[in-house]
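# Task: produce atomic coordinates for the following.
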Amino acid sequence: MDHIKEEAEKFSSLSYIEKQTGGQVKKEQVLIGIMVIIGLLTFTRAGCLVISIAGVIIPLRESLMVLNTVNPKINELKHLLVFWMIFSLMVIFESAFGFVIRYIPLYYLIKLVFLWYIGPLKFNGAYTIYELTLSKIPSECYMGGCKPVEAAKKIASQVEKKVENTMKNEEEMK
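Here you go, the predicted model:
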């Protein structure tokens with residue numbers, strides 16, 4: 001127990017929790033509790049369900065609040081739309097590649113941190129992820145008439161032209 005006490009001393013946040021509880025909850029108890037929770041979430045089958053629920057609580061709450069608002073702000077609506085879009089893609093990914101996920105250490109803990117980053121509006125994480133990835137999908141793919149091979153050919157020809165132009169510019173500079 002002394003070793004755990006020494007380790008708990010290294011984290012000021014644990015001392016803060018101990019002070020907030022008036023000393024009723026010792027920092028080493030908090031550290032043990034955190035370690036047990038991480039262990040249960042990481043090494044049991046319940047971890048998947050618990051982390052999925054925990055990662056959805058905040059956005060679900062925000063969604064309900066926006067739905068009950070008479071005139072919601074456009075950025076709130078965009079944020080929630082993007083969050084649920086990313087979340088649904090994660091569910092599809094997990095369904096398709098569940099056999100791989102079980103070999104990724106701490107996957108569900110990483111998922112929880114990711115969901116907590118993209119969930120609350122104050123972090124603006126969902127919109128950042130959207131701008132970095134989903135906004136790059138050609139509009140033809142979701143506006144109807146998407147033909148994946150043709151879309152790939154179009155993108156490849158655009159890349160090819162850019163490479164050719166870059167090579168020409170480099171040759172002209174020599």
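
# can we go C-alpha only for contacts and neighbour counts from here?
Fine.

# per-residue pLDDT, residue 141?
In this model, residue 141 is scored at 69, pLDDT.

# quick one: average confidence on stretch 48-59?
81.

# mind checking which helix or strand residue 93 is in?
Following DSSP states H and E, one finds residue 93 within helix 74-96.

# Name the next helix or strand downstream of that helix, please.
Following helix 74-96 in sequence, per DSSP H and E, is helix 98-101.

# in the next helix or strand after that next one, what counts as buried?
Sequence-wise, the next helix or strand downstream of helix 98-101 (DSSP H and E) is helix 107-118. Applying a neighbour-count criterion of 16 or more other C-alpha atoms under 10 Å, one finds 108-109, 111-112, 115-118 buried in helix 107-118.

# For helix 107-118, name the packing helices and strands.
Judged by 3 or more C-alpha pairs under 8 Å, 6 or more residues apart in numbering; DSSP states H and E, helix 107-118 is in contact with helix 27-43, helix 46-67, helix 125-132.

# which residues touch the helix holding residue 93?
59, 62-63, 66, 101, 118-119, 121, 124, 126-127, 130 (C-alpha atoms under 8 Å, 6 or more residues apart in numbering).

# looking at the helices and strands packed on helix 107-118, which is closest to residue 164?
Residue 164 sits nearest to helix 125-132 of all the helices and strands packed on helix 107-118, at 25.5 Å, using C-alpha to C-alpha.

# re earlier: buried ones among the contacts of helix 74-96?
Looks like these have 59, 62-63, 66, 118-119, 121, 124, 126-127, 130 buried, using 16+ other C-alpha under 10 Å.
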